[in-house]
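Chemist: Have a look; sequence and predicted model below, questions after that.
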Amino acid sequence: MQHRNLGSTLSVSALGLGCMSMSGMYGPSDRAESLATIDAALEAGVTLVDTGDFYGMGHNELLIGEALKGGSKRDKAILSVKFGALRDPSAGWIGMDTRPVAVKTFLAYTLNRLGVDYIDIYRPARLDPNVPIEETIGAIAEMVKAGYVRHIGLSEMGSETIRRAAKVHPITDLQIEYSLISRGIEDGVLKTCRELGIGITAYGVLSRGLISGHWKKDAASSAGDFRAHSPRFQDGNVDRNLALVEALRTIAAAKGASVAQIAIAWVAAQGDDIVPLVGSRRRDQLKESLGALDLTLTPADLAAIERAVPQDAVAGERYAPAQMAHLDSERG
């Protein structure tokens, strides 16, 4: 397994496993297969395992905790956890809470659900408009001193917020959506992170399956599948976006690779400080994603990929307007 550095002190696998899809966000998942996939990732040398305490209202953390039981599995994993998102009994999203007291409470529950003594990277999932970022990071820093957290990360934050946070405590990485069709990070946030020595963990590298090469129109029909309401999967947008995938498929075929592997390799090729997170929830998906690490994209390959999928070619926003409004990262 290849490794990359997040920040100045943390080495992780060059590919990380994002576990959200194992807890219902993309429709039903298979518990046994999810556990087997986490195990297969660890055996393959994947160290970075990402979750959020609100994925399945704690289900995801319990699942990962079960997967890490026995032997030295915990020692193989670098656990990245997001917190702060509030949900109601109907699974609705009702805001953010990153007050210092909430930070410590969320962390206590996370440690218990995962069955671990510390979290490797702890991060607020979004900027809480009611709480200065300095207070949130200060509270996590206290948990670092107490030994419950090893590193502090951010998620979907803009440049100004990143700078303010970094003045309170060193920031290891920024987790943010980055893919061939989600390139807003390039407008300023990436430059800020590099200036401050902050790594990037890129989620959504396959845009929730849209540019995986496997997605078919109207596939998002199961209950609870986020994509059924995502703008990029809606009529009027999905056909245009799938046309980009077909253009990418031609390049992938010439490289003897899959579309997903090309898309993942493109993100990885944007810098050694970028670690793609793949949302594999089955072992076959994981195997395909790991194959991206064997691809070498030449400057000619990268140019061809960007001609096939120009920066502004995507149809539709990442989220619905109400969710976009909560993305501090969209402010640059």
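Modeler: Looks like it arrived, so ask away.
Chemist: all contacts plus neighbour counts: C-alpha atoms, from now on.
Modeler: Noted.
Chemist: what about the strands in the stretch 101-250 of the chain?
Modeler: 119-124, 149-155, 173-177, 199-203 (DSSP state E, counting those that start in this stretch).
Chemist: Report the inter-axis angle for the third one versus strand 199-203.
Modeler: Translated: strand 173-177. Our comparison of strand 173-177 with strand 199-203, counting by axes from the mean of the first three to the mean of the last three CA atoms, to 10 degrees, yields an angle of 30 degrees.
Chemist: start the count at 46, not 1, going forward
Modeler: Sure, I'll start counting at 46 from here, so that last one is strand 218-222.
Chemist: Compute the inter-axis angle for strand 218-222 and strand 194-200.
Modeler: 40 degrees.
Chemist: mind checking which helix or strand of this protein has the lowest mean pLDDT?
Modeler: Lowest on mean pLDDT, DSSP states H and E among the helices and strands of the chain sits helix 366-369, with a mean of 64.
Chemist: returning to that earlier point: same list (the strands of the stretch 146-295 of the chain) but as CSV, adding distance to residue 137, mean pLDDT and mean neighbour count.
Modeler: Below are the strands of the stretch 146-295 of the chain laid out as CSV (distance: least, CA to CA, whole Å; pLDDT from 0 to 100; neighbours: other CA atoms under 10 Å):
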stretch, distance to residue 137, mean pLDDT, mean neighbour count
strand 164-169, 19, 98, 24
strand 194-200, 20, 98, 24
strand 218-222, 22, 97, 26
strand 244-248, 22, 97, 25
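Chemist: Next, format those strands as CSV and append distance to residue 65.
Modeler: Below are the strands of the stretch 146-295 of the chain laid out as CSV (distance: least, CA to CA, whole Å):
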stretch, distance to residue 65
strand 164-169, 15
strand 194-200, 15
strand 218-222, 14
strand 244-248, 11
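Chemist: for the ones you listed, which one sits closest to residue 275?
Modeler: strand 218-222 (14.5 Å; CA to CA).
Chemist: residues in contact with that closest one?
Modeler: 51-52, 197-202, 230, 238, 243-250 (CA atoms under 8 Å, 6 or more residues apart in numbering).
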